[in-house]
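Asks: Next input, structure requested:
(one chain, ligands or ions: 2)
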Amino acid sequence: MVMTGEVVLETQGLAKRFGDLQAVQDLNLQIRQGDVYGFLGPNGAGKTTSIRMILGLISPSAGATRIFGHDIRRQFRQAIRQVGAMVEGPAFYPYLTGRQNLKIYGRLSGGVSDFRIQEVLEMVGLGHWGEAKVKGYSQGMRQRLGIAQALLHRPKLLILDEPTNGLDPQGMREIRGLIRRVSQQQQEGTTIFLSSHLLGEMEMVCNRIGVMHQGVTLVQGKVDELLGHAADMASIHVDQTDRAKTLLKEKFGIEPQLIKPGWLEFPLQDRDLFPVNRELVAAGLSVHSIAPRRRTLEEYFVNLTGESKDVR
Ligand SMILES: Nc1ncnc2c1ncn2[C@@H]1O[C@H](COP(=O)(O)OP(=O)(O)OP(=O)(O)O)[C@@H](O)[C@H]1O
Ligand SMILES: [Mg+2]
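Replies: Ligands and ions are numbered 1, 2, ... in the order given. Here you go, the predicted model:
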């Protein structure tokens, strides 16, 4: 059994240059056993290029990757043996069914039963679509089949490039559930490395993240440490937001923001919320709720780069 916290995937100074373009610079990742690691960055940041290098699909201009201690270039077979991966736009035989595609893929390395194929189809929500030809699949269904293929061999390290691409909100929720289940499956836990440009999505499933921007890693760490354990925002649901704003400014010097109709927010800064509540109620306002909350990853990132939503 693998010891908890053991380094499963490591890159050292990984870099890729395409002509004049430095697509990835000095990438130093450390993914530990049991991590669900979110590799975040806007379109063109270098996520897919990094993943291709990690998987040995393209060679780096500099640096190295080790998976389970094996160098991906010099010991490819040992390094890749326990890895399941899906990289941008998985390719299938369009005139074969989903099940046939998985069967062919499973045969390449052997040891995959029909039972397991049905199991992974069900895991990704394609249980009833195994007999349909892939050419008739929607983009979201192809994406799911790609994830099923990556899971086929019960990998100890699962690498997924934008797994929620092309999925609707319901589909995204299902994949989030799947990622959580897979990460807790197997006694020692499956380690998961996934890329995305959707911060909100990643915050819900990842324990660690790395943020990449124009090939450069801006920040890496545990989500809890980056965002802090404590709540640092206050959220108020009140009937008269304009009056509440005036009151908060007058009495406490707080300048809250209107987030949506009826909802105000402001940085908590260790403030006690009881007096704030009392003041609002005393002025005759109806306070539906008043509560501290933790910053979101999106808010953290906006602070970090001055950029807005979804790292775009
Ligand atoms: N084979 C290639 N030849 C030349 N340039 C490339 C090649 N592959 C990627 N690039 C460039 O490298 C940069 C990083 O691309 P990459 O696909 O890794 O980004 P990404 O983070 O995966 O983006 P997305 O969110 O759109 O998938 C981009 O500017 C892209 O145009
Ligand atoms: Mg990509």
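Asks: Now do the same contact list for the residue in the stretch 201-312 of the chain that ligand 2 sits nearest to.
Replies: Closest residue of the stretch 201-312 of the chain to ligand 2, CB to the ion: M212 (10.7 Å). No exception for glycine: its C-beta is placed from N, CA and C like everyone else's. M212 makes contact with 24, 27, 39-41, 45-47, 50, 218, according to CB atoms under 8 Å, 6 or more residues apart in numbering.
Asks: let's see it at 10 Å
Replies: M212 makes contacts with 24-25, 27, 39-42, 45-47, 49-50, 195, 218-220, 311, as judged by CB atoms under 10 Å, 6 or more residues apart in numbering.
Asks: Out of those, which sit inside helices?
Replies: Applying DSSP state H to these, the entries found in helices are 47, 49-50.
Asks: Now for the nearest residue to Q139 once chain neighbours are set aside: which residues touch it?
Replies: Spatial nearest neighbour of Q139, excluding adjacent residues (CB to CB, 6 or more residues apart in numbering): G166 at 3.6 Å. The contact partners of G166, by CB under 10 Å, 6+ apart, come to 89, 138-144, 172.
Asks: ok, the residues you listed vs ligand 1, which is closest?
Replies: Set against ligand 1, the nearest of the contacts of G166 by CB to the nearest ligand atom is G89 (9.5 Å).
Asks: Touching, the closest one and Q143? I think so.
Replies: Yes - using CB atoms under 10 Å, G89 makes contact with Q143 at a distance of 8.9 Å.
Asks: Who has more neighbours out of the two?
Replies: Ranked by neighbour count (other CB atoms under 10 Å), G89 and Q143 place Q143 first, with 24 against 14.
Asks: Just want the residue of the stretch 51-200 of the chain that's nearest ligand 1.
Replies: Taking CB to the nearest ligand atom, the stretch 51-200 of the chain has H197 as its residue nearest ligand 1, at 5.2 Å.
Asks: State the pLDDT value of the residue nearest to G221 when sequence neighbours are not counted.
Replies: Distances taken as CB to CB, 6+ apart place R208 nearest to G221, at 6.7 Å, with adjacent residues excluded. Here the pLDDT value assigned to R208 is 94.
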